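Engineer: got a structure for you, letters missing:
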């Protein structure tokens, strides 16, 4: 006998506190009457009666099964970039819904909804409407996410169903909807066949069959329906009986078995089978507005003779990849104290006497520092008479070694070694002085031993520990030998000044040039200037061919930057241009300005008529728009001889050029996109304002990094982090061969504008040698792991943000998570008045608005500035390589990308969704969808008509209240890379291949043709939209242009009558009549378009004149 849905009968007895449902399905010759429940003495009593039925296999109607599988790429609606969707299905006034999946744009339900389906009716023209909503639990409402309508003609029988995805549709034209829903729809009989039981242990007659259908539970709203875990075996019997069931609260603890009145059942030792989820329907007739959400019920099957248990079952929701892209909060111990309780006892750092006072945004990391300064009076070798000394510092299994000097008795090293406290395995530190030998073992000269318990501690801002002279000991430490060495040994943290330049024990495998490339470093971008060259005119230009008048233009060059002026429109020997050419120059000025006057002899040939070279230091620096004095320069004839006498003769009469050159200090030289600019100050320091805040960033570490190269036949990653804000670049040290590096380095920047962005990137160091990149390739380049941008204006002042940011990289195969970057950020405001002033100040210096640069100039100059910054930083030690700088500055952000175009389009649609929502709300008010709202709007309208001076205050008060209301939903953490907003998950493989293509293209001709055709199709849609906008504008213009004489006559007569009426009627009366007409009840509305709309659409556009 299986379980079937029935209506329970409740009998209150005593103190009724719990109510339980049991649903029985008739699949045997027996039928069960609805059981009766009551409570007595804290126990639940159940009575039921079974009887034989003669109509067991009577004909029943079919069931329409709509299996809601999942949905993809839904539109976020909760204000935090996510949604809590549920699905509601409507079929013939029967409405049912699924459970709500919180905070998921790719939900998975796997729930089945059942509806009555009468085969006697003709359903060929009916549809099944599947709607997805976002549940707003705070205000008990929902937001529409999209719908799909499936015709009943496509419904198949059970066994023929397949998984199908349906694109979500919008209810209205201007709705902003995206995503798709996956469904299975089929017809099934009302009684589902039970799954066969294993042959080894046949099920008892009373065990319920397994089922997987998700059916809604309908209950009386006045009666609570808690789902408790109660045993249900031995409930169904062939004769009326009373079964006593203990009432058990819903809990995670094991459920005790019910005591049977007949006999006690011993629990067998065999393994209990997995639970089988049974979902039942309480009412076969489900109509609109009758469905209340009810959890599913699962039945755990046990062996024969063991009672089953009914309890609440959670829906099987698979984790979405989007969850792995979210920001994660962290709770590390920042600025922790010195470790308490010495390992070996004694004084100093081992006993935890003091605590760190700096680096409060990172976890304190403790190091043993050894500074080897110099040595003196070293003994010479027995054979050579001199020595080649070097120092070896040994701590347990770790050894550090200085460079050696040849034939030097008093060497100076001044080298620092750092040993991590976590890796200290010895209680003593040994410093050896050895003599390097070309053949054989190196000679031992002496050593110094330090007890770790006696090492002092030093924390900035304490003064550096002064080095001391130590006498060398023999190998056994029994006596002194010749020679002295100057050392300083102390315990400190990563805040120590010696941290960045120290040799670290965790990088012991790196030697040679790789040692310098693993150290942390702070870089400063070169100071960039705009060089403006105003080419005015030239005089006495003599062409090489005296029989023709020259076509002259000027070519200017600064380093690798080359610009050309236009060809003088008039052919003359005294050409006039008056044209500005702008370059980017960096201090210190290493290049010169070279001006060349050339003659266009042939489209493919230019003759050089003269040139002049000038150093950039000779030009005036301008801070504002005041004019600069112009200067005449003599042109040297190109290819002229080097004889000094001939040169003096030539200069007596030579061509000359008139130019005005200056270095612009009032501009900010853009070396990054203005969308995420990190600095807005002008070049000239005299124009800088006072800083308004301090930005402190603690780079804690990374976790879950992927292998970037092969080392010793295994994957490896040598990661370092780069942060850029303003002119200051920082680079952490490289952590060797780990997927979870810990940097714990803290840096500080001065903030001059809050509306700026800090960029942090993680890279794999490929210049350490001994490794092979995973993707092969030619030149060795540091591999990009990921990037994070944080806008300072989204941070609250004086608050510490500690989060783990996903490192997302877009690759030709799609978006990929490379790991997570752990950061601690604090923005401190120095002055509230300066902060408020900054929000009212222009974003860029005033010269960008008084004498703005063209769009083409800005793009070209930004590219040149990027190259200069990358070149200069690449010359530092250790170098910040070009690929790193280009990735941090987004050098390719201006390139065409279908993915970016889609993302920007949907950004615009999301902006318009607010206006569309307001218009939709106003339409509902006008159509009286909610009478109470419409009445309130009428009252407000009448008040504003009677007191028009309240209109503006009401608008601003309304915006104030909206802002206060949205304060509850404000973001709790900084924004990060959004794959949905970037349209990175739904991008096609060919679109990614196009985005990663070089410029000009390197793909095959057929593929380029295909992409060109695709671009034409997209441009055709844009062309259609632009044409529709132009059509509406031309119709508006044709109102008074007499293009349609009858329409213009009607319109001007209407204008005349309207003017007369408005002259004689008070404005309040006109506004009142017009407002009441717009808000009139639907009973007084027509479903046909209005007269003004019909008149406007009949106006003639100019489309008929297009070819």
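Structural biologist: Now that the structure is in, tell me what you want to look at. Predicted model, so just to flag it, every value in this text is computed and none were measured.

Engineer: packing partners of the longest helix belonging to the chain?
Structural biologist: Of all segments of type helix in the chain, defined using DSSP state H, the longest is helix 1005-1037. Helices and strands touching helix 1005-1037, as assessed by 3 or more C-beta pairs under 8 Å, 6 or more residues apart in numbering; DSSP states H and E, comprise helix 898-926, helix 989-995, helix 1091-1097. C-beta coordinates here come from the backbone N, C-alpha and C atoms, glycine included.

Engineer: among those helices, show me which one is buried the most.
Structural biologist: helix 989-995 (a mean of 17; mean count of other C-beta atoms under 10 Å).

Engineer: and that helix, what does it pack against?
Structural biologist: With 3+ C-beta pairs under 8 Å, 6+ apart as the test, helix 989-995 has strand 800-811, helix 898-926, helix 1005-1037 packed against it.

Engineer: whichever helix or strand comes after the second one vs helix 898-926, what angle?
Structural biologist: Following the chain from helix 898-926 toward its C-terminal end, the next helix or strand by DSSP states H and E is helix 931-946. Orientation check (axes from the mean of the first three to the mean of the last three C-alpha atoms, to 10 degrees): helix 931-946 against helix 898-926 gives 80 degrees.

Engineer: average model confidence for the helix or strand that helix 931-946 is followed by?
Structural biologist: Following helix 931-946 in sequence order, the next helix or strand is helix 951-966 (DSSP H and E). Mean per-residue pLDDT for helix 951-966: 90.

Engineer: relative to helix 931-946, how tilted is helix 951-966?
Structural biologist: 140 degrees.

Engineer: sorry, back to before: so which bits of the longest helix of the chain are buried?
Structural biologist: Residues of helix 1005-1037 classed as buried: 1011, 1034, 1035 (neighbour count, 16 or more other C-beta atoms under 10 Å).

Engineer: do you know how far the first one is from residue 1017?
Structural biologist: So that's residue 1011. Counting by C-beta to C-beta, to the nearest Å, the gap from residue 1011 to residue 1017 is 11 Å.

Engineer: same question for the last one.
Structural biologist: Using C-beta to C-beta, one obtains 28 Å as the distance from residue 1035 to residue 1017.

Engineer: and the angle from the longest strand belonging to the chain to strand 800-811?
Structural biologist: In the chain, assigned by DSSP state E, the strand with the most residues is strand 814-829. If you take the same axes, to 10 degrees, strand 814-829 sits at 150 degrees to strand 800-811.

Engineer: just checking, what packs against strand 814-829?
Structural biologist: Against strand 814-829 (3+ C-beta pairs under 8 Å, 6+ apart) you get strand 693-703, strand 757-764, strand 783-791, strand 800-811.

Engineer: export the ones you listed as CSV, with columns for mean neighbour count.
Structural biologist: Shown next, in CSV, are the helices and strands packed on strand 814-829 (neighbours: other C-beta atoms under 10 Å):
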stretch, mean neighbour count
strand 693-703, 22
strand 757-764, 23
strand 783-791, 21
strand 800-811, 19
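
Engineer: any idea how many residues pack against residue 375?
Structural biologist: Neighbour count for residue 375, taken as other C-beta atoms under 10 Å: 27.

Engineer: what pairs with the strand or helix carrying it, parallel or antiparallel?
Structural biologist: For residue 375, the element it lies in under DSSP H and E is strand 366-376. Partners of strand 366-376 in the sheet, by DSSP bridges, are strand 412-420 (antiparallel), strand 480-493 (antiparallel).

Engineer: quick check: next helix or strand after the shortest one?
Structural biologist: Of the helices and strands lying after strand 412-420 in sequence (DSSP H and E), the nearest is strand 428-435.

Engineer: what's that next one in contact with?
Structural biologist: With contacts defined as C-beta atoms under 8 Å, 6 or more residues apart in numbering, strand 428-435 is touched by 368, 370, 372, 375, 378, 381, 387-395, 442-452, 455, 472, 483, 485, 487, 489.

Engineer: for PyMOL, write the select line for the buried members of those.
Structural biologist: Restricted to buried positions by 16+ other C-beta under 10 Å, the PyMOL selection for those reads:
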select buried, resi 368+370+372+375+378+387+388+389+390+391+392+393+394+395+442+443+445+446+447+448+450+452+455+472+483+485+487+489
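
Engineer: sorry, back to before: and the buried residues of helix 1005-1037 as JSON lines, adding pLDDT and distance to residue 666?
Structural biologist: Output for the buried residues of helix 1005-1037, formatted as JSON lines (pLDDT from 0 to 100; distance: C-beta to C-beta, whole Å):
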{"residue": "1011", "pLDDT": "85", "distance to residue 666": "43"}
{"residue": "1034", "pLDDT": "91", "distance to residue 666": "44"}
{"residue": "1035", "pLDDT": "92", "distance to residue 666": "47"}
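
Engineer: of those, closest to residue 584?
Structural biologist: The closest of the buried residues of helix 1005-1037 to residue 584 turns out to be residue 1011 (C-beta to C-beta; 33.2 Å).

Engineer: for the closest one, give me its contacts.
Structural biologist: Here residue 1011 is in contact with 990, 994 (C-beta under 8 Å, 6+ apart).

Engineer: make residue 1 into 27 and carry on from there
Structural biologist: Yep, numbering from 27; the last one is residue 1037 now.
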